[in-house]
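Peer 1: The following comprises the amino acid sequence and a computationally predicted model.
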Amino acid sequence: MSKAANTNALPDLPAHPIPVEQVVIEIVGDPRNVGGRLVLQDGVESSYIDIAHPERLGFEYQRHLASVIDVMHPRRRALSAFQIGGGPCAVMRYLDATRRDLRALVAELDPGVIATAERYLGLVQGPRLRVEVGDGRMVMQRLPDASLDIVVVDAFMGLVVPHALVTSQFVVGARRVLRPEGVHIINLIDIPPNGYATAVVATLRAKYADVLSLIHI
């Protein structure tokens, strides 16, 4: 398992917002936690990372994602995970901190997002956790059949998951790379009456025997 970062060697906070290819990133320190960093993209809170203790997830949706993974694939088991959408890679870093045997790959479209995470948010790549810059669909196409336990989609354009990541074709691709007991997880934002979420669930139900929708209000 990964060790917690040294709080005496935390990266400095950036003095100004950071424009990258797709968004403008702001990083705000947590006054209650010296290692805590709130990440905003285009002014919207998008993630939270505790650099010193990545096993502590700050956002409730991150804890939901981690809980689903831990329940479906207990920590004693080896885990192979793929995530589309990078940011500070909070959930994959949680898995890195809590798992003895992990192989995780994150696909991120914007290289500036990853460069910012490495410089200011303590992201360190290695054999257990690596990031590939590129279109997540293209990265997934190169993965072997039945090679993954988890596929996570946590990517947004504004407040919406890119349409290409919730189509029937994408789900077929995810099923190809997942093992029979694998789990396909999508984080999305919707408002009542949750028509968008209902449509995504319908797409998943057409391809999977079991689909669970967790709604946070």
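Peer 2: The structure has been received and is ready for your questions.

Peer 1: Now do stretch 185-200: distance to the chain's middle.
Peer 2: The chain centroid and the centroid of stretch 185-200 are separated by 17 Å under CA atoms, centre = their mean, to the nearest Å.

Peer 1: Pull up the distance across it, start to finish.
Peer 2: Terminal residues of stretch 185-200 are spaced 11 Å apart (CA to CA, to the nearest Å).

Peer 1: Please enumerate residues in contact with it?
Peer 2: 61, 65, 68-69, 150-154, 156, 159-161, 165-166, 204, 213, 215 (CB atoms under 8 Å, 6 or more residues apart in numbering). (Each C-beta comes from the backbone N, C-alpha and C, glycine too.)

Peer 1: Filter those residues down to the buried ones and hand me the PyMOL line.
Peer 2: Filtering the contacts of stretch 185-200 down to the buried ones (16 or more other CB atoms under 10 Å) takes a single PyMOL command:
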select buried, resi 61+65+68+69+150+151+152+153+154+156+161+165+166+204
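
Peer 1: Sitting in helices, which of the contacts of stretch 185-200 do you find?
Peer 2: Counting by DSSP state H, these place 61, 65, 68, 69, 204 in helices.

Peer 1: how about the helices in this protein?
Peer 2: Going by DSSP H, the chain shows helices at 60-72, 90-98, 111-120, 136-141, 168-177, 195-205.

Peer 1: Could you list every helix and strand in contact with the fifth one?
Peer 2: Under the contact definition 3 or more CB pairs under 8 Å, 6 or more residues apart in numbering; DSSP states H and E, helix 168-177 sits against helix 136-141, strand 148-153, strand 178-186, helix 195-205.

Peer 1: now these in a markdown table, with distance to residue 34 and mean pLDDT?
Peer 2: Formatted as a markdown table, the helices and strands packed on helix 168-177 follow (distance: least, CB to CB, whole Å; pLDDT from 0 to 100):
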| stretch | distance to residue 34 | mean pLDDT |
| --- | --- | --- |
| helix 136-141 | 33 | 97 |
| strand 148-153 | 28 | 98 |
| strand 178-186 | 31 | 97 |
| helix 195-205 | 37 | 95 |
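
Peer 1: and of those, who's closest to residue 108?
Peer 2: When the helices and strands packed on helix 168-177 are compared by CB to CB, helix 136-141 sits nearest residue 108, at 8.0 Å.

Peer 1: Give me the contacts around the closest one.
Peer 2: For helix 136-141, using CB under 8 Å, 6+ apart, the contacting residues are 82, 84-85, 105, 107, 109, 132, 151, 153, 155, 164-165, 170, 173-174, 177.

Peer 1: Residue 164: how many residues sit nearby?
Peer 2: Close neighbours of residue 164, defined as other CB atoms under 10 Å, add up to 12.

Peer 1: Give me the neighbour count for residue 163.
Peer 2: For residue 163, the neighbour count with other CB under 10 Å is 9.

Peer 1: mind checking how far it is from residue 170?
Peer 2: 9 Å (CB to CB, to the nearest Å).

Peer 1: Residue 115 too?
Peer 2: 27 Å.

Peer 1: circling back: out of the ones in helices among the contacts of stretch 185-200, show me where the pLDDT dips lowest.
Peer 2: Lowest in pLDDT among these is residue 61, which has 92.
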